[in-house]
Each structure stands twice: as C-alpha cells, then as structure tokens.
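*Asks:* have a look; sequence and predicted model below, questions after that.
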Amino acid sequence: MKKILRTLYYIFTPLLLGSLTSILIKNSIDYPSLIKPPLSPPSIFFPIAWSIIYLLMGISYNLLKKEEYTLKESYYYYITLIANLFWPILFFYLKLRFLSIAWILLLDGLILHLIYLFWQKKKSSALLNIPYFLWSLFATYLTIGIYFLNY
C-alpha cells in the first residue's frame, strides 16, 4: 500500500500543481488577444500538452527507485518543477513578458540538466523528459515571439 501511495504521489503531484497554477492564472490568460508568431497552436492545445508533460514528469521521477536517486536528482527535479510552475504566473498573471523570456531560458537549462542527471541513473526516466524539453523550447520560441510582436 505504501508503494502504491508513493507511486501515485510522484506521478500526480506535477499534474496537481500544474492544475492549481492553471486555476490561479485562469482569469489572466490573454493568449487569444496577443499577436502570435507562426506555428502558434490554439489555446485548447496547451492544457492537453501540459497534462501529458506533467504526467510524463511524474512517471519519470517515479521510475527512479528510492535507492537509485540521490538528493541531487531530487533537488533538480523539484527546482525544475517549481521553476516551471512560476513561468505562467510571470507571463500571464503578472504580464512580465521580458522577465518570462529570461525565466524560460533558465528553465530550458534546468530541464536539460535534469535530463542529464536522470540519464546517469535511469535512461528511461531521462527519455520521458525529452518531450518536456522540446515543449519548453517551443514555449521559449512562443514567449520570445509574443514579446517582440506585442511590445
């Protein structure tokens, strides 16, 4: 039972935290009214993509058995998750678009380092974070594009 609860905790914590952030910023999202760069997806695409990414993050962390990961991997996982949760607050809620660019570039580096750390311990955990990194790079493109097209 303890192992099942641990598994559920690790898998669903990112999704739950992402949902709470989404609820917080819900009334502040101005994405439809912004001038967007080419390849910008419709608004409905974001909650679907983020739900999948958060689940993959949770699964990847859960795959690192307790005896396999060290404090370093755990630290980077949670720092990356927290940094990720703050980006929509900066971008949508506070409308700090330029700071959002710096923040997401930092996040890109954190994700890449997280993948590197996970790769050393469990390759499947690292691979599950590749979509997260690719999505973050795409979000970086959108963030920069929106900034320059709207300000």
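*Replies:* Happy to help now that I have it.

*Asks:* make it CA atoms for all contacts and neighbour counts henceforth
*Replies:* Fine.

*Asks:* any low-confidence regions in this structure?
*Replies:* Residues of the chain that meet the criterion pLDDT under 70 lie in 65-69.

*Asks:* pick out the residue closest to the middle of it.
*Replies:* Among the residues of the chain, N84 comes closest to the average C-alpha position under C-alpha atoms, centre = their mean, at 4.4 Å.

*Asks:* got a list of what that one touches?
*Replies:* Listed by C-alpha atoms under 8 Å, 6 or more residues apart in numbering, the contact set of N84 reads 104, 107.

*Asks:* state the distance from it to S19.
*Replies:* Counting by C-alpha to C-alpha, to the nearest Å, the gap from N84 to S19 is 12 Å.

*Asks:* coming back round to it: now the residue nearest to the centre of the chain: which helix or strand?
*Replies:* Secondary structure from DSSP states H and E places N84 in helix 71-88.

*Asks:* can you list the buried residues in the next helix or strand after that helix?
*Replies:* Helices and strands here follow DSSP H and E; after helix 71-88, the next one along the chain is helix 97-121. Applying a neighbour-count criterion of 16 or more other C-alpha atoms under 10 Å, one finds 97-98, 100-101, 103-105, 107-108, 110-115, 117-118, 121 buried in helix 97-121.

*Asks:* thinking again about what came up before, relative to W103, how far out is the residue nearest to the centre of the chain?
*Replies:* 9 Å.

*Asks:* got it, and I48?
*Replies:* With the distance defined as C-alpha to C-alpha, I48 ends up 22 Å from W103.

*Asks:* what's the helix or strand containing K3 packed up against?
*Replies:* Following DSSP H and E, the helix or strand that holds K3 is helix 2-25. Packing contacts for helix 2-25, counted by 3 or more C-alpha pairs under 8 Å, 6 or more residues apart in numbering; DSSP states H and E, involve helix 45-63, helix 71-88.

*Asks:* format these as a markdown table; extra columns: distance to N27.
*Replies:* Formatted as a markdown table, these follow (distance: least, C-alpha to C-alpha, whole Å):
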| stretch | distance to N27 |
| --- | --- |
| helix 45-63 | 15 |
| helix 71-88 | 12 |
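
*Asks:* what's the closest of those helices to N129?
*Replies:* helix 45-63 (6.2 Å; C-alpha to C-alpha).

*Asks:* show me what that closest one is packed up against.
*Replies:* For helix 45-63, the packing partners by 3+ C-alpha pairs under 8 Å, 6+ apart come out as helix 2-25, helix 123-127, helix 130-150.
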